[in-house]
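Engineer: the following block contains a protein sequence and its predicted model.
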Amino acid sequence: MNSRRLRALTIKESWQVVRDPSSLLIAFVMPPVLFFLFANAVSLDLEDVALGVVLESTGPAAQELAAAYDATPYFQVTTARDRRELDPLLVRGSLRGYVVIPADFDRQLRQPFGAPRVQVITDGSQPNTANFVQSYAQGVLSSWYAGRIDNPVPLLSLEQRFWFNPELDSRRVLLPGAMAIVMTMIGTLLTALVVAREWERGTMEAMMSTPAGTLELLASKLAPYFVLGMLATLGCTLMGILIYDLPYRGSLWALLLTSAAFLVPALGQGLLISTLAKNQFVAAQLAVFSGFMPAFLLSGFLYEIDSMPTWLQWLTQVVPARHYVQSLQSVFLAGDYWPELLRNSLALLAVGVLFFSLTLRNSHKVLD
Amino acid sequence: MFARLGVAIWKEMVSYLQDPTTRRFLIGAPIVQTVAFAFAATLDVQNLDVAVLDQDNGRWSHELVARVDGAWFTDDIITARDSRELGELITARNAVVALRLAPDFSRRIDAGEPATVQVLVDGRRANSGQIATSYLATVVGEMGVELAARSSTAPVGGQPLLEERHWFNPNLDYQWFMVASLSAVLGMMMCLVVTSLSIAREREMGTFDQLLVSPISATEIIIAKTMPGMMAGYVVSLIITLLAVFAFGAPYTGHLLIFPFALALFVFSVVGVGLLISSLCNTQQQAIMGAFFSSIPFVLTSGFATPVENMPEWLQLVAELNPLKHYLVVVQGSFFKSHSLADVVANIWPLLPLALGSLTIASIEVRSKLG
Amino acid sequence: MNSAVEIRGVRKDFGTVEALKGIDADIPAGRLTGLVGPDGAGKTTLMRMMAALMHPSQGELRVAGHDVTREAETIHRLTGYMPQRFGLYEDLSVQENLNLYADLQGLPRGETAQQFQRLLAFTGLAPFTRRLAGQLSGGMKQKLGLACALMAHPRVLLLDEPSVGVDPVSRQELWRMVQELADEGMSVLWATAYLDEAERCDQVLLLDEGEIRYAGAPQALTERIAGRSVLVSNLQVDRREFLADALDQPSVRDGVIQGGAVRLVLAETEVSPELSALVAGAGGQLEPAQGRFEDAFIDLLEGGTLGHSAIADRMEPVAAERDIMVSCHALTKRFGDFTATDQVSFEVRRGEVLGLLGPNGAGKSTTFKMLCGLLKPSAGRAEVVGLDLRHSGSAAKMQLGYMAQKFSLYDLMTVRQNLEFFSGIYGLRGTQRRERIDEMVEIFHLAPYLEAFPDSLPLGFKQRLALACALMHRPRVLFLDEPTSGVDPITRREFWTHITGLVRKGVTVLVTTHFMEEAEYCDRVVLVNRSQVIALDTPDGLKASVAGPDCPDPSMEDAFIRLVLAQQEQAA
């Protein structure tokens, strides 16, 4: 590595970035748009889900419970007397589930040791929604029961406290994760085509005939995109805080450090794709399939990594977004927790080194 | 005209399929992705590590911890010595939930007084935390009922219990849902990438001019260009559908004869979007960005990851333009809900205007580039 | 040290293909050496090995005393290399490109200012330092490329076809610059397909099929054919027909059209009785001509072609239903506030070859594209066979054959598939289609490459394939945009045999070129500069128009340069 050559190459790359509108578009227009999309489209907070209520009983308690379902913002309720009315709606997908309040509900409620049973039927073809319907139905039932004046105090009860996110706003958890996914795509997209482009424009051959080494050529491609990536990160952060009301409990340093560590493997992934793919067509396919989907599904952003099979948990270690999602959630919601930040940053750097050594192995300074 | 169109289609297919890397990718990518992602995506919580601070250390606290430890969702119990350590276990993500049992826990139960179990939840994992809490609530609730039965003071009636029954997928098998949905999601993405690059690539390579001076018409170019994307999307979807049924054992209850046509219509509508992107872009790089830019919103607003109903009203309206959203309903219906022809048609018809609309705009766009 | 480059038994294999078959040569230090040879001879491979970008499979190659395999780093420092498509960063300005190369080559910082000044003055780029390289003309780009290669005072300068696609004015300047460097003592190796350039080198290395066929002074090779070049003028018959007949005679090695006359290279110094009879029959006058290096080159490689085109022979004559086949009237194209083509008007008659000449960026390609219906004119009319191609249907397009400037066949399909595709979309079917494809394969010698992808073909074969694809449907009008740019003289002659053959059958040809020798083949030439037509005449007429006391017998190149400069002076 020669610092003068590296500097010259970096300056060159920076000018190219500044003068190429598509890089700027990727770095400054795509992140806010995607971030906006994530903020609105991805939510785990149930709202207005179509639910049926079958009221088989005419008792006052049953009526009260049905009214409680109707009153929550979670559900859009269709009431029926007979469950057979609702079955076709469930098949067609117009209902996500229905609750059956049985004929003996009031009687059971009054009886000593009575156990009134309410049934919830869900549409299992969408298991996640089914789970939501079930747990929200449970929630409405419990709070309705708790709110009755004449119910006895239970002997054993659960008192829950949610740390870092007392209001249990799923957006607060999802948005930092979404930021990691957006940045994964930006990082990969920015660099996925740069090497292929140099070959196509014939500049690579001229570069290779100069004393500049492969390492210098690759390293110089990082710096400007790194800066773009950091700016995009800060932009997303500001958007999250100002527009979406995210709390920010960590320090700026923690954010910068963890984002810097993240950009190394993210940009490295793009560079690797760029050197592996013979042409832009293959590069594009690799970028789409190795960028978005793994970051979305294997990062722990939405799906709990602990619930995955062990072999898959190991595989998630090489998905940069996995480590970044955790760091970002902590920085936003919990504050600087250095052992975790450092551990994740080290993991990110390790993945970055892995991507870079693969890239170096695949790029030679000889044409044949 | 038909002979010329035939030649043009043949050329598109040959250029796409000739490269062995592309062929391997077409077959290999969906298999690898299906296997990796099918296991990934569950909002269910298993193998939980639960942190416990037992300040009581009495009979009933031991009983509760033993019950939690024995529950199906628990992997390990991590014991904390003090509150600070308990907090640390949450902060460091060693546990999603932590139980704190107050020093007077057993005493209060023995005395027949109400006792509470404090649960601390990691709010950074709100969803898992909530689900874990509801599991714990069940355990605590059951123990409470047993304790109440033991004690002589009989309360008036009990808390109503909710019994759940899941139709169509009684065990809520996430993998079934996942592979079925992936057949649509990955098929769409493959189709979109292949189609969106097609015209842009010819433009960049300079071959588009060569085509334009030949007798082939813009309509013929467009029809030919839809073929590789259609084929790629179809093949990927079909591979994953077969995997779903034969490797993952997902039930296929729908009409076997409708499905191929429904899939074709879906792929056709995606090709329309891809061509639209391609006709608007001059370089492959722009086309790639275009494919990215459109496939992400399609996935996010489709109900694949989170329910469509959770989105704001206006976005639900916009999502009506999303072919994936309509088609996912058809996939789920065909797999799990034995949808009839009428059900399929009711859900899939919006794809037809979508496809025709985007293809029309794409044709106009290609034609306008001619002059 | 007398040799800048020592080549000892160097072999290079690519898979089973032997690109270089064990060559030995020395390239003298401090001189200008030309590297010539037909396409696929191994010129670029040799250049890349000298630049230490490839390793020889066998043998030893030393540049400036250093081994290319073991001392690549040193060689990268000591040599300046300009690849065929020089990789200038188009989104960097001239100055930024220079800065980059100064740093990469490790030019001492104290020297940079002085060196920049020197190079900018040398290349005449001083007024353009802030312009982006992408906005420079082709000639200026090459000069900038040269400046970058020269940055760190290289001991050896390797230039791989620097003058391809460069107009004659810039080519002359480029040549003058390199000669100056050699005079100052730099060792320069210049690979070229232009043999008039090779002729002016101190020494040439002639490479063919991976072997060295000649090494030495160009004059010594030209000597070998002394007295065998003749010029036949005052022809009373069609000069194309005469050339075709002459080339078919065994005593004629080579021949080209030179305006109204025909230039021949004979197999012997004696004029054979058959040729005398042919000349007499055509009412022409035969006189000796100055031998050229190109004549010797063709002679050495036995590259003369037959006079009759097999494609043309099998073709039906074009029906004479109309006289004007292509016309444009006040054709104008504006991109924003830049006018690429300004009020261009001309007509091409049936069976005529019209040449469109002009410096890089003069608006030739834009005019071409408007004629073909690929671009919408801002004003004016462009018609082919009386139709505006943008709005006409398939039938009109069937009449047209088009060969683009940039090679534009499908790189993802094999040669055979490309032929099948183009025959197919032009409506050829069944036996006829098979026959036409077989015909093209035979005539253009494509058989060994049928299953290869176009990217892997030598340039000459790429161009042959492109021409084959444009000709299969027997178009009545042929548009050729720089068809022979960068191809060797042998292939070029083969091309023109076909083109002139087709023209004799009544095909109309519109061609752009930077080869002045090719302009001589045209019936009329339109000279375009700065978006406007500055001259429209026969080649002889153009030459005569610039003749004067200081230049009694101007060549086509002289005419080009003088006319262009005259307009520029007038404009200034």
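Structural biologist: Received it, and whenever you're ready, just let me know what you need.
Engineer: and the chain, what are its domain boundaries?
Structural biologist: All of this refers to chain A. As recorded under automatic domain parsing, the domains making up chain A are A:3-42+A:169-362, A:49-146.
Engineer: switch to chain B, please.
Structural biologist: Split by automatic domain parsing, chain B gives B:29-41+B:172-370, B:48-150.
Engineer: give me whichever of these is most buried.
Structural biologist: domain B:29-41+B:172-370 (a mean of 21; mean count of other CB atoms under 10 Å in any protein chain shown). For the C-beta atoms, the positions are set from N, CA and C on the backbone; glycine is no exception.
Engineer: pLDDT at the closest residue to chain C within the stretch 51-200 of chain A, what is it?
Structural biologist: Of all residues in the stretch 51-200 of chain A, A:E198 sits closest to chain C, at 7.7 Å by CB to the nearest CB. pLDDT, A:E198: 81.
Engineer: contacts only, for the nearest residue to C:S163 once chain neighbours are set aside.
Structural biologist: Once flanking residues are discounted, C:S163 sits nearest to C:R171: 4.8 Å by CB to CB, 6 or more residues apart in numbering or on different chains. By CB atoms under 8 Å, 6 or more residues apart in numbering or on different chains, C:R171 lies in contact with C:G139, C:S163, C:Y194, C:E197, C:H514.
Engineer: please apply the same query to B:D44.
Structural biologist: Remark: with contacts taken as CB under 8 Å, 6+ apart, B:D44 is in contact with A:P127, A:N131, A:S307, B:I131, B:L172, B:Y174.
Engineer: Three-state assignment for the residue nearest to the third one when sequence neighbours are not counted, please.
Structural biologist: Counting by CB to CB, 6+ apart, A:S307 lies nearest to B:Q46, which is 4.9 Å off, once chain neighbours are set aside. On the three-state scheme (DSSP: H, G, I helix; E, B strand; the rest coil), B:Q46 is labelled coil.
Engineer: now swap in the one 5 residues further on and tell me
Structural biologist: For B:A51, the secondary-structure state derived from three-state DSSP is strand.
Engineer: show the contacting residues for it.
Structural biologist: Neighbours of B:A51 in contact, by CB under 8 Å, 6+ apart: B:77-80, B:86, B:89-90, B:94-95, B:97-99, B:120.
Engineer: so of those, which ones are in helices?
Structural biologist: Judged by DSSP state H, the subset of the contacts of B:A51 located in helices is B:L86, B:L89, B:I90.
Engineer: so how far is chain C from the last one?
Structural biologist: Distance from B:I90 to chain C, counting by CB to the nearest CB, to the nearest Å: 51 Å.
Engineer: bridged to the residue nearest to that residue when sequence neighbours are not counted, which residues?
Structural biologist: In this structure, B:I90 finds its nearest non-sequential neighbour in B:D122, 5.1 Å apart by CB to CB, 6+ apart. Counting by DSSP bridges, B:D122 is bridged to A:W163.
Engineer: so which bits of chain C are right by chain A?
Structural biologist: Those residues of chain C that sit near chain A, judged by CB under 8 Å from any CB of the partner chain, are C:14, C:48, C:51-55, C:72-73, C:76-77, C:79, C:81-92, C:96, C:99-106, C:132, C:145, C:148.
Engineer: could you redo the last one with a cut-off of 6 Å?
Structural biologist: For chain C, the residues in contact with chain A (CB under 6 Å from any CB of the partner chain) are C:48, C:51, C:53-54, C:76-77, C:81, C:83, C:85, C:87, C:91-92, C:96, C:100, C:103-104.
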